[in-house]
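# below is the sequence, then the predicted model.
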Amino acid sequence: MLCALCDSINVTDLILLAKANWEALQRRQDAEPHTPRRWNHYSRYNEIVSAAETGCELCKVVERALDGGFVLEGGALRTYKAEMLEMEGMGGRGLDLEIQAEVKRGGANGEVEKESVYDKLVFYLRGKSEKVVLTLSLQKRRGQVKTVEGIEVGHFALDPNLGSEANFAIARDWIDTCSSTHYECPIIEDRPLPTRVIHVGSDAREPYLISTHGMKGRYIALSHCWGGNISDLSKLNKTTAKTFGQKIALMGLPPNFRDAILITRGLGFQFVWIDCLCIMQDSSEDWEVESKHMGNVYRDATLTIAAAASSNSTDGILNIFPDYDLTGLSISLKLSKDSPPEDHIDLVLRDNRREQLDHLLQDGPLADRGWTFQEEILSARTLYYGRMQIYWQCLHDHASADGLRSRAPFYQREFRYDKIRDQIHEPQGLKKPNTIKSPYVFIDKDQTPSAIQKRTSTNIIVEYHKQMVVDYCSRHLSFLRDKFPAFSGIVTLVREILQSNGYPSSKYVAGIWSSHFREGLVWYYGDDAVPSVDRAPTWSWATTNGKVVFHPSTFASNPFQSTPIDPELLSHRVVLAGQNPYGEITDALLEIQGSLMVARGMDRVVTHKNSMCCGYIHWDTRVTGKGRRTNALFVCRVGSSAMFLFSPQDEKTSLPRASANTDKQNIHKANNTRYKIMFVATQARQAHGLILKEYAKNQDTMSKSGNEDGGEKREVESQTGGGAANKAGGDQKMDVEAQAKHKDGIKHEDQDEKNETETRAAINIPTYRRVGYVRLYSKHTNVRKFHDAYNWADLKGWKREHLVLI
């Protein structure tokens, strides 16, 4: 039962008000305030109480909500009821309400969009300031379509049992729709099975492990977080291998593994791949072999199941969440004033913890794990199991069981890493003319082969550094030695893309690409990152145990330009620790012909009255309590030459100006810290460089991170559990050139190159370690104008040098 006022509320009028507000917002001038029009509810508290006492179910809910409160500035709690009663004496207007979209698909500023689902009814208290008292959700049964004025209203009711047949049916429908209508997604067909898979059995038969021996089929892969108490009897090892081939006790498995098998059955598939059950857990040799193929496992899977709300293997996937309702009350809204009984939509209490796919992708347990990164990128289709519902993501679309869409373009074209995904998965639309292209696919007019190749390789390099490397480094690994192996599946496929799009000789060198090595060098550490060069060379982003940063403008629309002082990669060398050509390494170096200039640290800096800061040094070492140290950089012209000076300040501060040129006496009185800056690249209004420290093999007092007091080294060793000496498989070291050729033909250095490397070492080519990144300004701004400040290629002081970077 509803009172007369609540019974008059209808969705059509609320939608029309929302549209009117949007139109008014568009017409207003920038300085004009905008007060939205809303549906007026009761203006006095006693009116709400009276209506509730006479049986109005909606007013009962509102009355309970008014007993809630908010925190005042002083920290005291004040109820909405007290606020409403006080405002009544001041002529307050009481409550009003409006309809909103729970999730918008790319809208802004309150725009009413046809792609949005309007499913929120929000009650506002018009007090001293506007406050949200209550939010209800509009809900409909699955299969119902409720539209008003061309706008969809209401989300689908959820089945709280994630393992129910209703949820399996939703997932099967998503798979069928993707298979039959999505242009960008690959054809669902039999593909080579991984080395081992689990046959999921049936209600009458337990699952069991099979060795595939080149078989083809359709299978599902599991993406999950390791952890929890897992018995050795629930893992594949030398003890369980024989019994697993006969049967695997389903109820004896950790909940995640058990549920993955049940999901595979529920979706109608026969095989599932689970790492812990399909890779020998007590064999480093088997792990080395299988880790090389991890990329193919997820690329070729028909579907990946993502345990997106499970923080470890024992949390389970098919959980049951407590449904949200109005505790037995039956409340519905009419779609219009004169709607028949069937044209109503239900109201339920809105769960303030409402789950969304974008939250899971950015903040869920899987988003924090290093190994799951390549699983997310390489999968063509993913079925996410959250805490409250299931979600779908493929190369064309995304969906959720409640029917709500994403709020931001972050999602569209699914929504990250679409460049690499488009290359590693062949669109079925090339063979199926009736499929539908995503509206978020950009088609360039220039479709000549050379233009396509250039565009493809450029897009991949930008996406590799700007998104994939940055995202991957922000994640955590249980074993720090996995930094390269957990990324190797992506590397395998990026290499294939580069080599087939104009760079047939491009090689992967400890995190960077030989064809684009300059782009791979211009990163710097985030504030909380700790270097770990026991795992990678100093110039590789893989040294970081935390966030890595590329300046936002580095991979903008302006490419690197060519100058006479650019570095040239002469050769490179990588020493592997195992069989994975992109896995763990024990050593790596770059041989470079580069342009270097001396950089000196100053105890005090005196600058010319017109001098400008020319850039900043982002040091790789960390300063306790101050975050990562950053020093301002200046150019000091000395006669016909020049050198760099960096300030003693640890912040980006403006330095005092003097009336004279830099005093040479101060240069000679500078502290003894001496570095060199190697020029890397210039683009638009900036340039990039590395600050280097010459390294002598007998220089035991300097840590690998370039910190001369050795303190950073001790910290790194404690972070890595003893460094290289503690790495698994350390006794299996082998040079790349000493290994037999791999099936994919990867070989970083042949015997002649090895001999040349040894010869170079014999003639004492100087060896350097990176100790920081340098961002140089090509232009500086004065008021609203840009002025050329430094033409770095013409600056005297660069010395061309043959060097080795380790």
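Yep, it's here.
# going forward, measure contacts and count neighbours with C-alpha atoms only.
Noted.
# so the residue nearest the centre of the chain, which of the three states?
Of all residues in the chain, the one closest to the mean position by CA atoms, centre = their mean is residue 471, 4.3 Å from it. Classification of residue 471 by DSSP: H, G, I helix; E, B strand; the rest coil places it in helix.
# likewise the one 10 residues further on?
Three states are possible here, and by three-state DSSP the one that applies to residue 481 is helix.
# ok, and the closest non-adjacent residue to residue 2?
residue 56 (4.3 Å; CA to CA, 6 or more residues apart in numbering).
# pLDDT wise, what is that neighbour at?
pLDDT, residue 56: 96.
# now the residue nearest to the centre of the chain: how far from residue 312?
21 Å (CA to CA, to the nearest Å).
# low-confidence ranges in the stretch 51-200 of the chain?
103-115, 127 (pLDDT under 70).
# cool, the stretch 601-750 of the chain as well?
603-612, 622-628, 648-673, 697-750.
# switch to 90 and redo it
601-616, 620-674, 683-686, 695-750 (pLDDT under 90).
# check contacts around the residue nearest to residue 237 when sequence neighbours are not counted.
Closest residue to residue 237 apart from its sequence neighbours, by CA to CA, 6+ apart: residue 280 at 4.9 Å. Contacts for residue 280 (CA atoms under 8 Å, 6 or more residues apart in numbering) come out as 235-238, 286-287.
# CSV please, covering those and showing secondary structure.
Below are the contacts of residue 280 laid out as CSV (three-state DSSP):
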residue, secondary structure
235, coil
236, coil
237, coil
238, coil
286, helix
287, helix
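# now these in TSV, with neighbour count, distance to residue 366 and pLDDT?
Putting the contacts of residue 280 into TSV (neighbours: other CA atoms under 10 Å; distance: CA to CA, whole Å; pLDDT from 0 to 100) gives the following:
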residue	neighbour count	distance to residue 366	pLDDT
235	22	21	96
236	22	23	97
237	19	26	96
238	11	29	95
286	12	25	94
287	16	22	92
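# so how far is residue 367 from residue 511?
21 Å.
# repeat for residue 198
From residue 198 to residue 367 the distance is 26 Å (CA to CA).
# again, but for residue 215
33 Å.
# more neighbours: which of those two?
Between residue 215 and residue 367, counting by other CA atoms under 10 Å, residue 367 is the more crowded of the two (22 against 12).
# show me what contacts the more buried one?
360-361, 373, 475.
# could you dump stretch 77-87 to PDB, C-alpha only?
Coordinates of the C-alpha atoms in stretch 77-87 are reproduced here as PDB (Å, rounded to 0.1, in the frame of the first residue of the first chain):
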ATOM      1  CA  LEU A  77      26.500  13.100  14.800                       C
ATOM      2  CA  ARG A  78      23.300  14.700  13.700                       C
ATOM      3  CA  THR A  79      20.200  12.800  12.500                       C
ATOM      4  CA  TYR A  80      18.400  13.700   9.300                       C
ATOM      5  CA  LYS A  81      15.200  13.900  11.400                       C
ATOM      6  CA  ALA A  82      16.700  16.700  13.600                       C
ATOM      7  CA  GLU A  83      17.900  18.500  10.500                       C
ATOM      8  CA  MET A  84      14.500  18.300   8.900                       C
ATOM      9  CA  LEU A  85      12.700  19.500  12.000                       C
ATOM     10  CA  GLU A  86      15.000  22.400  12.400                       C
ATOM     11  CA  MET A  87      14.500  23.400   8.800                       C
END
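# buried set for it?
80-81, 83-85, 87 (16 or more other CA atoms under 10 Å).
# count the neighbours of the closest residue to residue 278 other than its chain neighbours for me.
Among residues not flanking residue 278 along the chain, residue 196 sits closest, at 5.4 Å (CA to CA, 6+ apart). If you count neighbours by other CA under 10 Å, residue 196 ends up with 20.
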